[in-house]
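Undergrad: can't give you the sequence, but here's the structure:
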């Protein structure tokens with residue numbers, strides 16, 4: 001006898017589960033309920049549709065109910081909201097949003113894929129028609145129509161995460177002046193702060209005003225303007241605002257059914273993606289998952305994991321034994337001309353654990369410097385002591401970031417160490433990489449730290465009494481350096497040993513860390529206590545460049561939002 005499978009919610013997880021289940025079981029009775037009009041659409045592409053990068057709205061539609069029915073013989077019912085689960089009788093109550101009528105549907109197995117909803121805190125004035133969220137095609141239509149019809153000049157984006165940054169970029173593409181308000185002291189909270197400073201600088205270059213370490217106290221209308229009142233007392237005048245302060249798992253239905261909710265607020269599932277009711281599976285943004293590196297429950301709403309979870313749930317319903325092995329948070333984001341990517345744990349994460357770790361910074365080009373168009377990348381790698389297992393990587397750059405992060409993500413997934421990174425044989429030709437690939441170089445640098453070939457120190461570990469040696473060229477020093485540092489170019493070190501103290505630790509830096517490592521190797525073999533400062537002046541600058549946000553031009557950007565109301 002064929003089994004009946006009811007799926008609640010489409011998009012990435014639900015649609016993937018339905019298609020996979022049909023491929024495995026031609027006889028199953030599959031019903032997919034979607035409360036919206038669209039069962040499968042590219043929600044990650046919505047900001048780019050608003051920015052007119054994606055010009056054709058229909059390109060966002062991955063599947064229509066008609067195509068899904070024709071190809072997979074799946075009963076798709078849109079504008080249909082499942083409002084109740086009766087676990088005892090194994091049936092759901094469905095509300096037809098077109099007719100407002102309700103009816104019951106039986107199931108043998110049930111898959112919950114309700115997704116997540118944009119966070120809307122109870123802030124005064126938040127229901128203004130000039131305040132938008134972005135999660136669905138109707139949301140994108142509303143924003144696009146408002147821009148087209150009302151022709152706004154200024155927009156405030158609340159939140160500096162994925163959606164906030166993508167919306168800032170695409171609103172700028174539409175010609176609006178944009179400000180970002182972020183409660184934290186950095187954008188992209190999934191990065192460590194020093195890796196986010198390049199984004200701050202780039203946003204400034206693209207005329208995006210930043211209010212960091214500040215939150216929204218309330219909204220109000222002033223004639224045709226929307227006033228955004230900040231907790232600092234500042235008031236911003238704009239024509240529209242976009243709420244991008246994160247999402248929360250949609251668990252209302254699961255709670256009504258008495259299913260277990262995890263400590264993070266997501267639906268609790270086992271490795272087979274079964275809920276506390278073994279006949280009910282849950283997938284996607286609504287569930288709590290185990291972090292692959294940290295081994296703790298987390299919420300990580302990403303499309304890739306949701307698709308895989310849909311496939312795994314279908315496999316288990318079809319009689320196969322499939323397990324979900326955790327989420328490591330591999331993600332990538334375009335911010336104007338920059339690309340930012342991350343995988344695994346951040347240092348912020350690791351500081352909260354008992355995992356013994358070390359970090360290293362490298363700043364390689366995406367391909368060899370002699371081939372035109374080389375662009376610098378900034379890479380931070382975190383690895384365990386003493387074995388060197390790769391725990392997390394963050395990269396910011398213009399070109400090549402996507403390729404590198406995928407290699408690091410694979411390394412983490414299969415438990416490789418930094419010594420394994422040294423042995424990877426990666427594709428090389430001058431337009432694409434280097435003979436010593438950036439991934440190999442990260443392994444070499446981290447391996448040198450672990451086997452004590454390199455004795456490193458980090459800039460935040462320095463204090464005012466430390467002896468600093470700058471081994472860059474005088475021309476580089478003229479363009480900027482650390483106050484109090486003694487400058488001896490690396491090629492002159494052997495001739496000027498008498499200029500260096502034997503009774504102090506010598507902390508050496510260069511531009512990116514290569515020359516300081518060479519200098520430290522010379523000095524250590526000459527009897528000096530020498531340490532190389534990881535990442536060089538590039539990493540130091542990343543920790544001190546916040547002054548940019550206090551400069552005159554940055555204030556001019558802010559003034560655009562603080563006048564005229």
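TA: All right, it came through fine. These figures come from a predicted structure and were not determined experimentally.
Undergrad: beta partners of the spatially closest residue to residue 487 that is not a sequence neighbour?
TA: Spatial nearest neighbour of residue 487, chain neighbours left out: residue 470 (4.6 Å); criterion: CB to CB, 6 or more residues apart in numbering. C-beta here means a position set from N, CA and C on the backbone, and glycine is covered the same way. Per DSSP bridges, the residues bridged to residue 470 are residue 487, residue 509.
Undergrad: Tell me how many other residues crowd residue 470.
TA: Here the number of neighbours of residue 470 (other CB atoms under 10 Å) works out to 27.
Undergrad: all strands of the stretch 201-350 of the chain, in order?
TA: Using DSSP state E, counting those that start in this stretch, the strands of the stretch 201-350 of the chain run over 208-212, 216-222, 225-230, 235-238, 240-243, 247-249, 280-282, 289-290, 297-298, 331-335, 338-344.
Undergrad: mind putting those strands in TSV, mean pLDDT, distance to residue 171 and mean neighbour count included?
TA: Listed next are the strands of the stretch 201-350 of the chain as TSV, based on pLDDT from 0 to 100; distance: least, CB to CB, whole Å; neighbours: other CB atoms under 10 Å:
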stretch	mean pLDDT	distance to residue 171	mean neighbour count
strand 208-212	94	9	23
strand 216-222	92	18	16
strand 225-230	94	14	20
strand 235-238	93	11	20
strand 240-243	96	8	24
strand 247-249	91	20	19
strand 280-282	98	34	28
strand 289-290	96	32	21
strand 297-298	96	30	17
strand 331-335	96	13	18
strand 338-344	97	17	24
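Undergrad: so who does the most centrally placed residue in the chain touch?
TA: Among the residues of the chain, the one closest to the centroid is residue 331, at 4.8 Å (CA atoms, centre = their mean). Residues counted as contacts of residue 331 (CB atoms under 8 Å, 6 or more residues apart in numbering) are 162, 190, 302, 341-343.
Undergrad: let's go with 10 Å and repeat that
TA: 162, 188, 190, 300, 302-304, 340-343, 405, 409 (CB atoms under 10 Å, 6 or more residues apart in numbering).
Undergrad: For residue 172, see how far away it is.
TA: 22 Å (CB to CB, to the nearest Å).
Undergrad: Likewise for residue 261?
TA: From residue 261 over to residue 172 the distance is 39 Å, taken as CB to CB.
Undergrad: Show me the beta-bridge partners of the residue nearest to the centre of the chain.
TA: With DSSP bridges as the rule, residue 331 is bridged to residue 342.
Undergrad: starting at the chain centroid, how far to stretch 524-533?
TA: 38 Å (CA atoms, centre = their mean, to the nearest Å).
Undergrad: picking that back up, let me know the distance separating the residue nearest to the centre of the chain from residue 504.
TA: 43 Å.
Undergrad: and residue 561, how many residues sit next to it?
TA: 23.
Undergrad: Low-confidence ranges, the chain, go.
TA: 1, 544-553, 563-565 (pLDDT under 70).
Undergrad: Specify the local secondary structure of the residue of it most remote from its centre.
TA: In the chain, counting by CA atoms, centre = their mean, residue 498 sits farthest out from the average C-alpha position, at 49.1 Å. What DSSP: H, G, I helix; E, B strand; the rest coil gives for residue 498 is helix.
Undergrad: Would you check how far apart it and residue 158 are?
TA: 59 Å.
Undergrad: just residue 314 next, same as before
TA: Applying CB to CB to residue 314 and residue 158 gives a distance of 37 Å.
Undergrad: again, but for residue 344
TA: For residue 344, the distance to residue 158 - CB to CB - is 28 Å.
Undergrad: quick revisit: go ahead and confirm the residue nearest to residue 487 touches residue 478.
TA: No. Taking contacts as CB atoms under 10 Å, residue 470 lies outside contact range of residue 478: 11.4 Å.
Undergrad: what's the overlap in contacts for those two?
TA: Applying CB under 10 Å, 6+ apart, one finds that residue 470 and residue 478 are jointly contacted by residue 487.
Undergrad: need the contact list for the residue nearest to residue 487.
TA: Here residue 470 is in contact with 476-477, 481-482, 484-490, 508-511, 515-516, 519, 533, 536-537 (CB under 10 Å, 6+ apart).
Undergrad: again, but for residue 53
TA: With CB under 10 Å, 6+ apart, residue 53 has these contacts: 45, 47, 169-170, 173, 334.
Undergrad: and if you look at residue 287?
TA: Neighbours of residue 287 in contact, by CB under 10 Å, 6+ apart: 13, 112-114, 116, 249, 251, 254, 262, 264, 266-269, 273, 275, 281, 297, 299-301, 305-306, 309, 324, 327.
Undergrad: Residue 24: what's its closest spatial neighbour, skipping adjacent residues?
TA: For residue 24, the closest residue by CB to CB, 6+ apart turns out to be residue 318, at 4.0 Å.
Undergrad: Return the distance of that neighbour relative to residue 22.
TA: 10 Å.
Undergrad: intersection of neighbour lists for those two?
TA: Common neighbours of residue 318 and residue 22 (CB under 10 Å, 6+ apart) are 5, 28.
Undergrad: list the helices and strands the helix or strand encompassing residue 523 packs on?
TA: Taking DSSP states H and E as the definition, residue 523 sits inside helix 514-525. Other helices and strands packing on helix 514-525, by 3 or more CB pairs under 10 Å, 6 or more residues apart in numbering; DSSP states H and E, are helix 438-450, strand 456-457, strand 467-470, strand 506-509, strand 530-533, helix 536-544.
Undergrad: List the buried residues of that helix.
TA: Neighbour-count burial for helix 514-525 flags 514-524 (criterion: 16 or more other CB atoms under 10 Å).
Undergrad: Over to stretch 417-430?
TA: Buried, per 16+ other CB under 10 Å, within stretch 417-430: 417-422, 426.
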